[in-house]
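*Asks:* task: produce atomic coordinates for the following.
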Amino acid sequence: MARHVAGVGDGRVRAELRIDGLKCGACLWLLEALPRLAAGVVSSRVDIGRSAIVLEWNPEATSLGRIADRIAGLGYPVRPLGALASREEWRRQDRRWLVDLGVSGAIAGNAMAIAFALYGAQLSWMDTPTRQFLQWASAGLAALAVAWPGRIYLRNAWAAIRSRTPHMDLPIGLALLAGLVGGSAMTLAGQPGVYFESVTMLVFLLLAGRFVQFRQQRRARHEIEVLCALVPQTAVRMLPEGNTEEVPSDALRIGDVIHVPAGESIPADGTLRSTEAWLDMQLLTGESRPVRVAAGGAVFAGVRTTAAPVTVTVTASGSATRAAGIARMVEEAAGRRPPVVEFANRIAGWFLVAVVAVTVVTGIAWWFIDPARMPGIVIAMLVVTCPCALGLATPLTMVASLGKAARAGILVRGGDVLERLARPGTLVLDKTGTVTEGAMRVMRVAGDRGSVARAAAVESRSVHPVARAIAELGASGPAACHAIEEVSERAGKGITARVDGRAMAIGNASLMRSKDVAVDAAMDAAAGAMERDGLGPVFVAEDGAVRAVVGVGDPMRADAPALVRSLAARGWRVHLCSGDVPSLVDRAGDALGIDHAHRAGGQDPEAKMRTIESIRSRPVVMVGDGVNDMPAMAAADVGIAVRQGARATLDRADVALTGGGLSQVVSLVDGAARTMRTVHVNFGISVAYNLVGAVLAATGVINPLIAAVMMPLSGLTVTAVALRMPRFRAPGPGSA
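*Replies:* I've put the predicted structure just below:
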C-alpha cells in the first residue's frame, strides 16, 4: 500500500495495477463498469495498450484487497504495476505536454481566424482602424503563444547562447522572435502581412511534432522497462510454524522460503526446493519452451512456473536479483553515447552555425529584393533547416536497438558496442562451455547394456561429473531396483561396489589394473576408438571382467557449426582458442570447419590475452563463458559472455547472451549491422530534408506555415525509421 497507493483528495485514494486477460473492448466496458459492481469504487479506467487499470476508491468503504478479489472474480487477475514515483513523473510530463498543446492550439485557431479576416480584407474594403485592431489582437495572441507554450524554445535558445553550444532549438527560438518582432514592427508601420498566424501555428505544430516524438521515445524506453515489468511486487513467505504471509518482494531476505503457485512468476532469485519444476524462462532468456530445473537448481525473479506450484529458498531479492541487474545493465547501456552519436551531435552543432549564417545572408538579399517578404522567408529558413532530425535520429536508433536486443535475450552494454560489431572482423571462440555444452555426457556405449544400467545405479551415489553423466543413463529406472552395497569411491580412478551380488568396478584403466580386471581385445579396441575421437573411456567390470566401455565427453553445441558457417558467409574470420589439450582443440576445429592456422590449444588466460592482442583484423570479438576468459575479453574490442557462464564474466562482458544458444551471436552481428544502416539512412534523410527545405525557403517557394509542417515531419520520419528498422531475431524453438 505504501509503495503503490496514493491519495487524490476528498478522502479518495488511487492505485494503478497490471491486469491480465484483456482481449477486446468488451473487457474494457466490463472493468470500467466496476463502480456499479463494487461498493466504494469511485472510478475505474483501463489502458488496454499497457494492460493496466487505474482505480480510485474510498478506503473507508472498501479495501484494495476486496476490489482485487472482485476483479479476479470477473476473470482478470491484478497485481502491482511498478514504481509509483516513476509513473507519476510520466503522468506529469504528459499533462504538461497536453496543456501546452491545448493552449497553443486554441491560440493558433483564433489567430488563423483573424488572419482569414485580414486576408479577405485584401479582396474587399476594410477601414484602417479595424485592420490595425485585428493586427494588434493577432500580435497579442502571438506574444501569448511565444511566452507560454513556446517558452520551451526561448529558454533552450537562451541556454544555447549562454553556454556557447548551439543546438536545434536555437533557430526555432530565433524564428519565433523574428516573426513576433518583425510583425510588430510592420504593424507599427501600418503594413499588412505580419505573419502572426504563422508564429502561433508554428508553436502549435512544433509542439505537436515534439509531443509525438516524446511518446515514441517512451515507447523505445518501454522496450527496456518491460524486462522487469512482470516481476511480482509481492511474495508468499512460508513461516516456521507452517503458516504463510504475504510480504513485499523487497522485504524478502536470504534464506527465506517462499511459495509460488502454478502459473505465477517467481518474485526473487533462489534455489528450487521442490523435486523439479518446468519454468517459462522467456522473460530472461527469450526461450519459447519451458525449461526443466531439478531440485537445488537456480531460479530467477520473473521466471514463471508452468506445471505445478514450487517452493524456493531465496538467495537474492529486490535490486540484487538477476532481473534487476539486467534492467540496470540495459539502462546504463541506453545512457552511453557511442562515437557515431557524438559525431552526429558535433555535425548538428556546426550545421546550426551554418544555418544562422546562411539565413542572415538570405535575409539581407531579400531586404533588397522585396522587403515585405523578407520576414517570412527568414522565419521559414530558420524553421525548416532546424536539424532536429539530425540530432534525434542516431541516439533514438541506438536506444530502440538496445531495447529490441534485450527483448531477444541479448544484453548489450551500449551503442558503442553495436557500432564496433557492425563491420566484419575476427571472432575468437573459447571451446569448453562455449562451443561445447560444458557438461559431461555419455556419447558412446559399447558392450553389455545390463552392466551399464547397473553401473549407472552405482554412479548415482557419486557427485563426480563423469559419474553424474553415467548416472543419467539410469535416470528412467530408480536405483532401488538394484541392491547396492559396499560402495567405495577411489579418487582419480573410479568407484567400486556390490550390485545384486556382483562385484563391480567402474573407472579408468588404472582402476582396472589395480583390481586385476581383465580387458579383452574387443573392449580395448572400443576404448582406443573412443580416445581417438576425443572421448574419455570408462570401463565397466563385473566379477573380474570388463563387460562394457562407456565413452564420456563434452558434446559440441548443435548450433556451433552453423554459427561458424554463418559468420564466414558474412565476412568474419573465426578462431578457436582454448585451454584444453591441442588434440581435442583440433578435433573441435575439424568439426566446426575452422582453419588449422586459426586454432590454439593449451592456452592459459595470459596466453589467450596475448593471442587476442596479436590479431590485426579488427574488430576482435571474444566469446567465452569462464573466469579464465576475462583477460581475453578485456583485450578484445567486444567481449561476449554466453549463457550460464561464470557470474563475474557476465558482469564484465560487453554483451551477455541469456538464451537461444550460439545462434544469438549471428543475431547480434546482424542486428548491429542493421542498426548502423538505420543510422546512415536516417542521417541521409535528415540532411536531404534540410538541404531541400533550405533551397525552397531561400527561393521563397514555401512560407513559414509550410516550413512549420515540414520540420516536424523530418523528425517524425527518422523516429519511425529508428523504431521500425533495427531487428534482433529472437531465438526459435530449435535454436537452444
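*Asks:* quick one, domains of the chain?
*Replies:* 5-81, 234-320, 415-437+557-653, 441-553 (automatic domain parsing).
*Asks:* among these, which is the most enclosed?
*Replies:* domain 415-437+557-653 (a mean of 20; mean count of other Cβ atoms under 10 Å). Bear in mind the C-beta positions are built from the backbone N, C-alpha and C, glycine included.
*Asks:* could you tell me the end-to-end distance of that one?
*Replies:* Start and end residues of domain 415-437+557-653 are separated by 14 Å (Cα to Cα, to the nearest Å).
*Asks:* for the stretch 201-350 of the chain, what spans make up the strands?
*Replies:* 234-238, 244-248, 257-260, 269-272, 276-280, 291-294, 298-299, 304-305, 310-316 (DSSP state E, counting those that start in this stretch).
*Asks:* could you export the domains of the chain as TSV, including mean pLDDT and distance to Ala354?
*Replies:* Below are these laid out as TSV (pLDDT from 0 to 100; distance: least, Cβ to Cβ, whole Å):
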stretch	mean pLDDT	distance to Ala354
domain 5-81	79	42
domain 234-320	82	45
domain 415-437+557-653	81	26
domain 441-553	83	65
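*Asks:* tell me the mean pLDDT for stretch 188-200?
*Replies:* Stretch 188-200 comes out with an average pLDDT of 70.
*Asks:* looking at the strands of the stretch 201-350 of the chain, spot the one closest to Arg92.
*Replies:* Smallest distance to Arg92 across the strands of the stretch 201-350 of the chain (Cβ to Cβ): 25.1 Å, for strand 244-248.
*Asks:* for the closest one, C-alpha coordinates in PDB please.
*Replies:* Provided in PDB are the C-alpha atoms of strand 244-248 (Å, rounded to 0.1, in the frame of the first residue of the first chain):
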ATOM      1  CA  THR A 244       2.300 -18.200   5.300                       C
ATOM      2  CA  GLU A 245       2.300 -14.500   5.000                       C
ATOM      3  CA  GLU A 246       2.200 -12.100   2.000                       C
ATOM      4  CA  VAL A 247       5.100  -9.600   2.000                       C
ATOM      5  CA  PRO A 248       6.600  -7.100  -0.500                       C
END
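*Asks:* so which other helices or strands are in contact with it?
*Replies:* strand 234-238 (3 or more Cβ pairs under 8 Å, 6 or more residues apart in numbering; DSSP states H and E).
*Asks:* now the strand it packs on, how far from the centre of its chain.
*Replies:* Strand 234-238 sits 28 Å away from the centroid of its parent chain (Cα atoms, centre = their mean, to the nearest Å).
*Asks:* that one pairs with which strands, parallel or anti?
*Replies:* strand 244-248 (antiparallel), strand 257-260 (antiparallel) (DSSP bridges).
*Asks:* residues contacting Val564?
*Replies:* 574, 592-594 (Cβ atoms under 8 Å, 6 or more residues apart in numbering).
*Asks:* closest to Arg441 out of those?
*Replies:* For the contacts of Val564, the nearest to Arg441 is Leu592 (18.1 Å; Cβ to Cβ).
*Asks:* just checking, what's the longest helix in the chain?
*Replies:* If you go by DSSP state H, the chain has its longest helix at helix 84-121.
*Asks:* can you show me the strands along the stretch 501-650 of the chain?
*Replies:* Counting by DSSP E, counting those that start in this stretch, the strands of the stretch 501-650 of the chain are 502-507, 536-542, 545-553, 573-577, 599-600, 620-624, 638-641.
*Asks:* switch the strands paired with strand 234-238 over to JSON lines; also include distance to Gln664.
*Replies:* Formatted as JSON lines, the strands paired with strand 234-238 follow (distance: least, Cβ to Cβ, whole Å):
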{"stretch": "strand 244-248", "distance to Gln664": "34"}
{"stretch": "strand 257-260", "distance to Gln664": "28"}
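*Asks:* right, so of the strands of the stretch 501-650 of the chain, which gets closest to Val358?
*Replies:* So among those, strand 638-641 is nearest, using Cβ to Cβ, at 41.3 Å.
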